[in-house]
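K.L.:
Show me how the following folds:
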Amino acid sequence: MKNLAIAFLITLIMVQSALALVITDVDAPELMPGEEGILKIFVENTLNKDIEDVSLSLHLQELPFAIVGSSESSIDEIEEDDTEDFSFLIRAAPTATPGDYQIPYTLSYENISRAKTGVIGVRIEGSVELASVVIAEKPVIKEKDTLIIRIINNGFADARYVNVRLVPNGFTALSDTTLYIGDIDANDFESASFEVIYTSENPIVEATIEYRDFNNQQRISVVQESLTIYTREEAIERGIIERTNTLLYISIISILIIIFIVVRIVRRRIRRKKSLAAAQKRQ
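P.N.:
Predicted coordinates:
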């Protein structure tokens with residue numbers, strides 16, 4: 001009976017210890033890579049007595065965070081049924097990958113044999129910032145060309161499921177006007193290429209870029225850029241295309257053939273005259 005009572009008291013003490021301090025709320029800052037903010041953790045005393053020497057420690061090993069100051073915060077006392085907050089100034093690493101992270105913590109106080117451990121969720125936000133460059137490889141009117149739309153992601157988060165839709169205006173598309181790219185990583189770029197023929201000297205490249213952002217929200221970015229297209233003569237003058245020498249080559253070959261034929265005819269006539277002269281001498 002005595003052993004049973006002792007076991008009951010030990011169990012009661014363990015339950016009370018487990019329920020003594022409870023993290024009731026976490027106020028996490030919205031951080032981008034390289035930014036810092038205040039992380040507040042609210043701890044409630046659920047016992048019917050005051051608790052002294054309360055300490056909360058964060059463990060950031062192998063996480064893209066740093067604490068400005070100490071990784072441990074202490075409070076002398078939390079009164080019964082009261083709540084206190086522990087504040088930490090945390091900084092996200094400039095090279096951090098946006099995402100959700102779990103920060104381990106240790107909560108301890110006076111007269112407790114085993115500290116309480118757990119994790120706190122903190123998110124590093126990331127934005128997608130798209131820019132575009134339109135490149136015409138051979139901007140010559142009425143000639144086939146490859147039109148390139150280079151999409152650059154200057155943000156911290158990846159642009160996912162990227163789809164490009166081209167709207168012809170002043171040119172005719174020879175290839176499919178819709179192209180699926182896939183993902184564009186942060187600080188990277190991808191290109192969409194279309195085969196076209198220009199029908200105007202001032203076409204407008206219009207394209208719609210659809211993608212999903214860090215929060216899986218559907219986003220749309222619009223590209224609109226005018227191009228300057230040249231005639232063939234202007235393109236040759238500007239060095240965009242090289243002058244074709246086919247006609248010159250044909251003329252040279254034709255002249256050489258004519259010269260060859262004339263030479264053969266002349267040689268035949270000379271040989272014939274020599275033959276006739278020799279025959280006359282023999283007579």
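K.L.:
Check the offset of the lengthiest helix in the chain from the chain's centre.
P.N.:
Looking across the chain with DSSP state H, the single longest helix is helix 246-282. Relative to its chain's centre, helix 246-282 lies at 72 Å (CA atoms, centre = their mean, to the nearest Å).
K.L.:
Quick one: name whatever helix or strand follows the host helix or strand of V162.
P.N.:
Element membership for V162 (DSSP states H and E) is strand 159-167. Sequence order places strand 171-173 as the next helix or strand after strand 159-167, per DSSP H and E.
K.L.:
Parallel or antiparallel, which strands does that following strand pair with?
P.N.:
Counting by DSSP bridges, the strands paired with strand 171-173 are strand 188-198 (antiparallel).
K.L.:
Now the helix or strand just after the partner strand: buried residues?
P.N.:
Downstream of strand 188-198, the first helix or strand assigned by DSSP H and E is strand 204-212. Across strand 204-212, burial judged by 16 or more other CB atoms under 10 Å covers V205, A207, I209, E210, Y211, R212. For glycine as for every other residue, the C-beta is placed from the backbone atoms N, C-alpha and C.
K.L.:
what's the closest of those to I67?
P.N.:
Of all the buried residues of strand 204-212, I67 sits closest to R212, with 32.8 Å by CB to CB.
K.L.:
mind checking pLDDT for the closest one?
P.N.:
R212 is assigned 97 on the pLDDT scale.
K.L.:
distance of the closest residue to it other than its chain neighbours from V128?
P.N.:
Spatial nearest neighbour of R212, chain neighbours left out: R160 (4.6 Å); criterion: CB to CB, 6 or more residues apart in numbering. Separation of R160 from V128 (CB to CB, to the nearest Å) stands at 9 Å.
K.L.:
now swap in I78 and tell me
P.N.:
Taken as CB to CB, the span from I78 to V128 is 43 Å.
K.L.:
which residues touch L174?
P.N.:
For L174, the contacting residues are K144, F194, E195, V196, I197, by CB atoms under 8 Å, 6 or more residues apart in numbering.
K.L.:
no, scratch that, I was asking about I209
P.N.:
By CB under 8 Å, 6+ apart, the neighbours of I209 are L130, S132, I151, V162, N163, V164, I220, S221, V222, V223.
K.L.:
Double-check the third one against L179; I have them as touching.
P.N.:
In this case it means I151. No. In this structure, I151 is not within contact of L179 by CB atoms under 8 Å, at 10.8 Å.
K.L.:
which residues are common contacts for the two?
P.N.:
V164, A192.
K.L.:
out of these two, which sits in the more crowded spot?
P.N.:
Comparing I151 with L179 by other CB atoms under 10 Å, the one with more neighbours is I151, at 23 against 17.
K.L.:
Next, work out how far apart that one and S226 are.
P.N.:
Here I151 is placed at a distance of 18 Å from S226 (CB to CB).
K.L.:
Out of the contacts of I209, which comes closest to N45?
P.N.:
Nearest to N45 among the contacts of I209, with distances taken as CB to CB, is L130, at 50.0 Å.
K.L.:
Need the per-residue pLDDT for that closest one.
P.N.:
Looking at L130, its pLDDT is 96.
K.L.:
Out of the contacts of L174, which comes closest to S55?
P.N.:
The closest of the contacts of L174 to S55 turns out to be F194 (CB to CB; 62.8 Å).
K.L.:
ok, the closest one touching T178?
P.N.:
No. F194 is beyond contact range of T178, at 9.8 Å (criterion: CB under 8 Å).
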